[in-house]
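1. okay, predicted coordinates and the sequence, questions at the end:
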Amino acid sequence: MRNRNRWIGDEDLRTEVADIGRKHLEEWNVGESTVVALARAQVVEVLEDKPNPASHKPVARVNEAPGNKPKQTIHKPLWAWLTLGISKVLGSSRWISNAMQREMRRMPWESLLTMAARKYQNHEELLVYRRLGGLGDRKDTFATTQPLKALFIESAPGVLWNVYDFDMELRAVETYLKEVRVSRQQNLSLPELKKYVEQNQPVSIHVSGIDGYQGFSILQERADTAAKPDSEATPNLNPEPAKQPSRPQEGVYFRDESGQPKVETPEAVAAALCAGAKKPLLVTFNLYNSSARLAAETVKHGAAAAIGFQDFIDDTVAEIFFANLFRAWSQKSRTPLLEAFRVAVQDLHPYLDRVRGSGVTLWTSEPLLEDPDAICLPQPRKRRRRSNEIQYQSRNRRCLGAQARAGHGGAHHDSSHARKIRYPKGPPRRCFS
């Protein structure tokens, strides 16, 4: 499943892998009846929670999902699904817990469940999201301060700077994330990012950059090119460039103290993004390999939700996805994030050939299916005119009306600029009507 881009284009191989996936689910105590229920569920929450000695029998119930449409959902922690299967192989309960947490997050559940359920579907579509349980009620910890602020981070330091052009992506975020002030920050170090978030506490953060695997490949390629005798590569102007890792590391490239690229761990990045007293409602990552640890850790550190990609994603399609997500989330008042996520995923259908083998993952701490208003973008406060100003303008309108009837000349009145009216034929008479 992790290397599905190798076989995703072959219909026969997709069918074979789907059959294998159903067999694995059955070994994990997810029988055919449960898979059939999943196929009809429309929305499935994959819950990562602490081990629970309760019954492993799946529980199905109908909830009111966003849009007041009944959705059948399967509520069953992955611990309950996987404990029996993994314990047959491992044996140590502590090792089981650590291994399960790592593998649960890396497993592309979105693809596995969707492919397993397709056999029992007609026209239905399955939307899968993930929730981290056991984090408590955090509704009062999220940023809602007016005016709403958003942060656009572009991180491609040093020789990575010329890999991407972030201007169009920034314009898309500014255009579609309505009624929110978007601030652009380029190539910050991680301490600088932490300080900025502490001071500004944005409601939404969009991170666009280069992950540890892609960056490692780019740097290696450029180093090999520069080492060739006939290379025309631009020489490195820094006499002492930072030492790069000998193998790929999971994380995100940020600028170090000397301005060179440095891989920061997902945990460190998540801590910086959630450094404010009030945590962001949504953090989005437009970079490869940003789901399993980076997005999950961001939610664990305090964000209400985070969206990342499994493995790779077509760059243009990724920007289209986020533009549609922000548009759906902010265009209509009180739109839940789950509904915006559904719309953005559905709008990727015209690009199916370019997204096969990729996966977009929504992580959250909030029970999105149980709360119809979960993670809505706060609405900006409307400016109210003072009552005495309203009365002043009302009197002006009555006076001007009386003067017009009496034949007095005057400038054309615009009620929105009542204090700026000039009268070329002298001041108007006081009006008592």
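-> Cool, the structure landed.

2. low pLDDT regions in the stretch 301-433 of the chain?
-> 356-358, 381-433 (pLDDT under 70).

3. mind listing the helices for it?
-> Using DSSP state H, counting those that start in this stretch, the helices assigned to the stretch 301-433 of the chain run over residues 315-331, 337-346, 352-355, 387-406.

4. for the third one, packing partners?
-> Pointing back at helix 352-355 there. Applying 3 or more Cβ pairs under 8 Å, 6 or more residues apart in numbering; DSSP states H and E, one finds that helix 352-355 makes contact with helix 315-331. No exception for glycine: its C-beta is placed from N, CA and C like everyone else's.

5. what sits against Leu132?
-> Glu48, Ala296, Val299, Lys300, Trp363, Thr364, Ser365 (Cβ atoms under 8 Å, 6 or more residues apart in numbering).

6. pLDDT score assigned to it?
-> As predicted, Leu132 sits at a pLDDT of 89.

7. so how far is Thr144 from it?
-> Applying Cβ to Cβ, to the nearest Å, the value for Leu132 to Thr144 is 21 Å.

8. also Ala304?
-> From Ala304 to Thr144 the distance is 11 Å (Cβ to Cβ).

9. try Asp347
-> Here Asp347 is placed at a distance of 28 Å from Thr144 (Cβ to Cβ).

10. check Ala272 too.
-> 21 Å.

11. which of those two has more neighbours?
-> Ranked by neighbour count (other Cβ atoms under 10 Å), Ala272 and Thr144 place Ala272 first, with 24 against 14.

12. so where does the residue nearest to the more buried one when sequence neighbours are not counted fall, helix or strand?
-> By the measure of Cβ to Cβ, 6 or more residues apart in numbering, the closest residue to Ala272 outside its immediate chain neighbours is Lys194, 4.1 Å from it. Element membership for Lys194, per DSSP states H and E: helix 190-200.

13. so which bits of stretch 191-201 are buried?
-> Neighbour counts over stretch 191-201 (16 or more other Cβ atoms under 10 Å) mark Leu193, Lys194, Tyr196, Val197, Asn200, Gln201 as buried.

14. check what pLDDT the second one gets.
-> Among the per-residue scores, Lys194 holds a pLDDT of 97.

15. low-confidence stretches in the stretch 101-250 of the chain?
-> 101-103, 226-245.

16. what ranges do the strands span in it?
-> With strands called from DSSP state E, counting those that start in this stretch, the stretch 101-250 of the chain shows them at 127-132, 149-155, 181-186, 204-209.

17. columns distance to Val173 on top of those, output as a markdown table?
-> Shown next, in a markdown table, are these (distance: least, Cβ to Cβ, whole Å):
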| stretch | distance to Val173 |
| --- | --- |
| strand 127-132 | 22 |
| strand 149-155 | 6 |
| strand 181-186 | 6 |
| strand 204-209 | 6 |
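
18. so for Ala277, which of these sits nearest?
-> strand 149-155 (13.8 Å; Cβ to Cβ).

19. show residues contacting the closest one.
-> 143, 164, 166, 170, 173-174, 177, 180-188, 193, 196-197, 200-210, 252-255.

20. buried by neighbour count, from these: which ones?
-> Looks like these have 143, 164, 166, 170, 173-174, 177, 180, 182, 185, 187-188, 193, 196-197, 200-210, 252-255 buried, using 16+ other Cβ under 10 Å.
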